[in-house]
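Student: Could you look at this predicted model? Sequence included:
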Amino acid sequence: MSKYIVAIDLGGTSAKMGVLNENAEIIDRWSVPTDISQEGTLIVPNLVKAVQAFLNRENISIEEIKGIGLGTPGTINHEEGTVVSAYNLNWDKVQHVRDQFQKAFPVPFFMDNDANVAALGEQWQGAGEQADNVVMVTLGTGVGGGVVIDGQLVHGINQAAGEIGHMTIEFHDPIDCTCGKKGCLETVASATGAVNLALKHIDDFDGQSELKSMIQEGKDISAYLIFKTAEDNKDAYALYVVDLYVDYLARALSHIANTLNPAKLILGGGVSGSGEFLRSKVENYFKLYTFSQIKETSKIVIAQLGNDAGMFGAAQIVNNGLKK
């Protein structure tokens, strides 16, 4: 009887791998380095070998595996089972991932974009508390996202749904975005965006500030420093920058909520490590910008699963895929 799911969260440095049982418990986990040499052609064979080694070691037969789920960077073609444009994996060309897995393991195989998979993991076993309608926003070097409606990931016509970071949010003096547009949310509400705001608005602030002095002295700053200095030291300029940051983020979340009315808006990624300090400030602005009935039902929460979100999400895409 099939009772296990193999879940893989593939990243540019390593792949986190795990096996979940029928109770959604991770019964084993390990990782393997991601070898991006030779145009990334070794990546999938190495993952296949790692799965096979686990099954042999634990004496688990292929009949006991319900399926294999993979979260990966890049653009996914679900019909073909391929990935392309995963540049941190050196996958410039189309990779036939599903074919390689299914040649080795005659079990159902499903994959999705890593941001989508993380969102599904949080929806299923994390801060989403299994609500059917959830949006996750990841605040890292950039801003990513995933949208879950009626318990299913939303992909869009070109598999590009959830590009929350490229919502245009600043029109008056926009910052150039790496995507080629100007004024994207990513330019003001990512970890990089927090630094952008601190550098951009320094002349707007006349008071005394440790953060301002550091910038004027040419020292490197980070989003972590900005938020920590604001929370711990109540630094006036750091608080000013954080206020700008959460205002932009709350505006974007209000647009999402006014459109979709999800039960949960989950904040993940490195900046979300600021926890309640961040969440409560975002919520205050969010309530100003959101339709009255929606602000009472769409709740802002902090992601709970950390690095395990991708693994749980990879398992859930198998569960969802088998239901179709």
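Tutor: Perfect, I can see it now. Numbering: from 1, shown residues only.

Student: Give me the phi and psi for V137.
Tutor: phi -120, psi 120 (degrees, to the nearest 10).

Student: Tell me how far it lies from L185.
Tutor: For V137, the distance to L185 equals 9 Å [CB to CB, to the nearest Å]. Any C-beta I mention is one placed from the backbone N, CA and C, and that applies to glycine too.

Student: what do you get for K299?
Tutor: 20 Å.

Student: of those two, who's got more company?
Tutor: Under the criterion of other CB atoms under 10 Å, the comparison of K299 against L185 puts L185 first, with 28 against 18.

Student: On the pLDDT front, check that one for me.
Tutor: Note on L185: pLDDT of 97.

Student: In contact with it, which residues?
Tutor: Residues in contact with L185 (CB atoms under 8 Å, 6 or more residues apart in numbering) are V143, I164, G165, H166, M167, T168, I169, G193, Y248, L249, A252.

Student: do that again at 10 Å, thanks
Tutor: Counting by CB atoms under 10 Å, 6 or more residues apart in numbering, L185 touches 137, 139, 142-143, 145, 163-170, 177, 193, 248-249, 251-253, 255.

Student: Kindly report the same for E80.
Tutor: Per CB under 10 Å, 6+ apart, neighbours of E80: V94, H96, V97, R98, D99.

Student: Below-threshold pLDDT in this protein: ranges please.
Tutor: 1 (pLDDT under 70).

Student: buried stuff in whatever helix or strand I294 lives in?
Tutor: In the assignment (DSSP states H and E), I294 maps to helix 292-295. For helix 292-295, the neighbour count (16 or more other CB atoms under 10 Å) marks I294, K295 as buried.

Student: what's it packed up against?
Tutor: Under the contact definition 3 or more CB pairs under 10 Å, 6 or more residues apart in numbering; DSSP states H and E, helix 292-295 sits against helix 236-260, helix 276-289.

Student: so can I have TSV of those helices showing distance to N113 and mean neighbour count?
Tutor: TSV is the format used below for the helices and strands packed on helix 292-295 (distance: least, CB to CB, whole Å; neighbours: other CB atoms under 10 Å):
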stretch	distance to N113	mean neighbour count
helix 236-260	18	21
helix 276-289	25	17
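
Student: Can you say which of the contacts of E80 are buried?
Tutor: V97, R98.

Student: Restricted to helices, list the contacts of E80.
Tutor: V97, R98, D99 (DSSP state H).

Student: Quick one: closest of the helices and strands packed on helix 292-295 to Q52.
Tutor: Shortest distance between Q52 and the helices and strands packed on helix 292-295, using CB to CB, is found for helix 236-260: 41.2 Å.

Student: just the angle between the helix or strand just after that closest one and helix 276-289, please?
Tutor: Sequence order places strand 264-268 as the next helix or strand after helix 236-260, per DSSP H and E. Calculated by axes from the mean of the first three to the mean of the last three CA atoms, to 10 degrees, strand 264-268 forms an angle of 140 degrees with helix 276-289.

Student: Now strand 264-268 - C-alpha only, CSV.
Tutor: The C-alpha coordinates for strand 264-268 follow below in CSV (Å, rounded to 0.1, in the frame of the first residue of the first chain):
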residue,chain,number,x,y,z
LYS,A,264,-4.6,34.7,5.4
LEU,A,265,-1.9,37.0,4.0
ILE,A,266,1.3,35.2,5.1
LEU,A,267,4.5,37.2,5.4
GLY,A,268,7.6,35.0,4.9
